[in-house]
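Asks: quick one, structure for this:
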Amino acid sequence: MDIYKKFTKDVGIVGITEIIMKLKPLIFLPIFTKTLGASDYGVYTTLIVTITFFGTISSFGLGASIIRFLSSEKDKRILSSKFFSVCSFLSITSIISAFLMFIFAETLANTVFGDPGSVEVIRIGSLLLPLSFVTTFIDYFRIRRQMLTFSLVKLSDTLGSIGLAVVFLLMGYGLLHVIYAFIITKIILIIISLILILKDIGLARPNLMIVGPYLKFGLPLVLGSLSISILNVGDRYVIGFMMSSVAVGIYSVAYNLANVLLFFLHAIDTALLAPLSKAYDESKMHQVKNYLSYSMKYFLMFSIPATIGLAILSPVIIRSLTTAEFVDGSMAITTIVALSNIMYGLYLINVSVLFLIKRTTWSASLVIVAAIANIFLNILLVPVLGIVGSAIATLICFTGQFIAASILSAPYIKISIDPVFLSKSIAAASLMGIILYFIAPKGWVNIVLAVLLGAGIYFGVLFLLKAFKKTELKFFKSLIKRQEVILD
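Replies: Sure, this is the predicted structure:
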């Protein structure tokens, strides 16, 4: 199969997975909150955040490391040895993390959790740390570009555990059985994934001595991940401190709506890193540049109209989801944060070059600086501009990240943006936005119809403006007809 066709189909598979994952809260949140109650639900959410925090630290960034280092490995025996060496190291670190969480359960219960009665939940929940092994196995399927298996395991991990938890809750059980549901699901998926992996590459003797380069690559990414968390929540803390919880609520709703754009980014980013690493290690620089250029082009192709559509429809969408008090300022915040996400997407595509040349300290430094700058700008702008100032701070930081990543990556691989396509995309999206503004849909049915109409108008205008090359049109047709077409 043509490599670009494979990549495009992988993006499609991951995209469908992302859509399903985004619908998860709408389905399960009402059941969780109504059956657990506010107190137990608070303990549950704090446990998940705590597991994520400990898991990020104990992983040492090795998930990204194996994608970067093993994607081009063709010898299955060597691949097996290196992969299971990393797995052995992670099993040790995750068990140590679980042990520490178990030992300090009472301290966590009385401080972070704010519920002395949550000790047993924390101790049982600590078992989820070594069972987070399933994430490493999911990364294996990314390495091998088995994206259908990757998506099925990822969906099963999330939907299976929550689905089983819902069954337990509806049977009258409580929070402990929710944790049991997560444990049972992960054990089953680890067994299934391990069988599939062993069938593919067999079991070679692990050697912990070879993990060194992987740690050197991955450790900066841990700092980057923690800084991203600060970057994502720091503005909420500043707003809450300087304004009120009401302002935080209004800002968060609009912010989360604008994050719909990240769906396009996650689909591309998840499918991109493995084939990109493989092409780079094999010195196929033409393929590398094509992967990056087309990723940027198609990210912009979807994110530009999505930004304009969200800007126009955000008030009616938020009014349909919440109450009238959340609508005030929603259009400005959603628009600015959506633009910020475009900048963040362009940053991630450019920072992929630093990932290839193994300069993860550079990418981590960019995130750390952005996180600090975001808090500083929030402190300056929120007292003057309110929650809109916080959105502007986010836009400034993400734009700065994009510019810095572009400058750092350019000497190694220059990623080109097609200015003609960009102008046509903006023109088509603007026309779509004008029509949506005058339609002014109300109610979910009309909103969905307006979105479909807007998509039709946008792509119709792109086609009339001849925004796509003939080879691209043939390529998209070949996805359906299963023909081979090479993108130049």
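
Asks: so where is the stretch 251-400 of the chain shaky, pLDDT-wise?
Replies: For the stretch 251-400 of the chain, applying pLDDT under 70 flags the ranges 321-325.

Asks: quick one, helices of it?
Replies: Counting by DSSP state H, counting those that start in this stretch, the stretch 251-400 of the chain has these helices, from start to end: 262-281, 285-321, 330-356, 360-385, 387-409.

Asks: Throw those helices into TSV and include mean neighbour count and distance to Pro213, thanks.
Replies: The C-beta positions use only the backbone N, C-alpha and C, and glycine is treated the same way. Converted to TSV, the helices of the stretch 251-400 of the chain look like this (neighbours: other Cβ atoms under 10 Å; distance: least, Cβ to Cβ, whole Å):
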stretch	mean neighbour count	distance to Pro213
helix 262-281	21	14
helix 285-321	20	21
helix 330-356	23	14
helix 360-385	18	12
helix 387-409	21	21
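
Asks: so for Lys82, which of those sits nearest?
Replies: Closest of the helices of the stretch 251-400 of the chain to Lys82 is helix 262-281, at 13.7 Å (criterion: Cβ to Cβ).

Asks: so how far is that closest one off the chain centroid?
Replies: 12 Å (Cα atoms, centre = their mean, to the nearest Å).

Asks: and Ile426, how far is that from Pro305?
Replies: 9 Å (Cβ to Cβ, to the nearest Å).

Asks: and for Ser244?
Replies: Distance from Ser244 to Pro305, by Cβ to Cβ: 34 Å.

Asks: can you check Tyr44 too?
Replies: From Tyr44 to Pro305 the distance is 37 Å (Cβ to Cβ).

Asks: equivalent analysis for Leu462, please.
Replies: Leu462 is 9 Å from Pro305, by Cβ to Cβ.

Asks: list residues touching both of those two?
Replies: 425, 428 (Cβ atoms under 8 Å, 6 or more residues apart in numbering).

Asks: from the centroid of this structure, which residue is nearest?
Replies: Nearest residue to the geometric centre of the chain (Cα atoms, centre = their mean): His266, 4.9 Å.

Asks: my guess is that residue meets Ile16, correct?
Replies: No. The criterion here is Cβ atoms under 8 Å, and His266 misses it with Ile16 at 12.0 Å.

Asks: tell me how far stretch 387-400 lies from the chain's centre.
Replies: Here stretch 387-400 is found 20 Å from its chain centre; the criterion is Cα atoms, centre = their mean.

Asks: run through who's touching stretch 71-80.
Replies: By Cβ under 8 Å, 6+ apart, the surrounding residues in contact with stretch 71-80 are 70, 82, 143, 200-204, 273-275, 277-278, 280-282.

Asks: mean confidence for it?
Replies: Across stretch 71-80, pLDDT averages out at 87.

Asks: may I have that stretch as PDB, with CA atoms only?
Replies: What follows is stretch 71-80, C-alpha atoms only, in PDB (Å, rounded to 0.1, in the frame of the first residue of the first chain):
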ATOM      1  CA  SER A  71       9.700   2.600  14.500                       C
ATOM      2  CA  SER A  72      12.400   1.900  12.000                       C
ATOM      3  CA  GLU A  73      13.700  -1.400  13.500                       C
ATOM      4  CA  LYS A  74      13.100  -4.200  11.100                       C
ATOM      5  CA  ASP A  75      14.800  -7.100  12.900                       C
ATOM      6  CA  LYS A  76      12.100  -8.600  15.100                       C
ATOM      7  CA  ARG A  77      14.500 -10.200  17.500                       C
ATOM      8  CA  ILE A  78      16.200  -6.900  18.200                       C
ATOM      9  CA  LEU A  79      12.900  -5.100  18.300                       C
ATOM     10  CA  SER A  80      11.600  -7.700  20.900                       C
END
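
Asks: name the helices or strands packed onto the one helix or strand Ile191 maps to?
Replies: Using DSSP states H and E, Ile191 maps to helix 175-201. On a contact count with 3 or more Cβ pairs under 8 Å, 6 or more residues apart in numbering; DSSP states H and E, helix 175-201 meets helix 3-59, helix 76-103, helix 119-125, helix 128-131, helix 133-143, helix 147-155, helix 161-170.

Asks: of those, which is nearest Val451?
Replies: helix 3-59 (13.4 Å).

Asks: what residues sit buried inside the helix or strand following that closest one?
Replies: Later in the chain than helix 3-59, the nearest helix or strand by DSSP H and E is helix 62-70. For helix 62-70, the neighbour count (16 or more other Cβ atoms under 10 Å) marks 62-70 as buried.

Asks: now do the closest residue to Arg359 other than its chain neighbours against Ile357, distance only.
Replies: What sits nearest to Arg359 in space, not counting adjacent residues and going by Cβ to Cβ, 6 or more residues apart in numbering, is Leu408, at 7.6 Å. To Ile357, Leu408 is 10 Å away according to Cβ to Cβ.

Asks: equivalent analysis for Ala429, please.
Replies: 34 Å.
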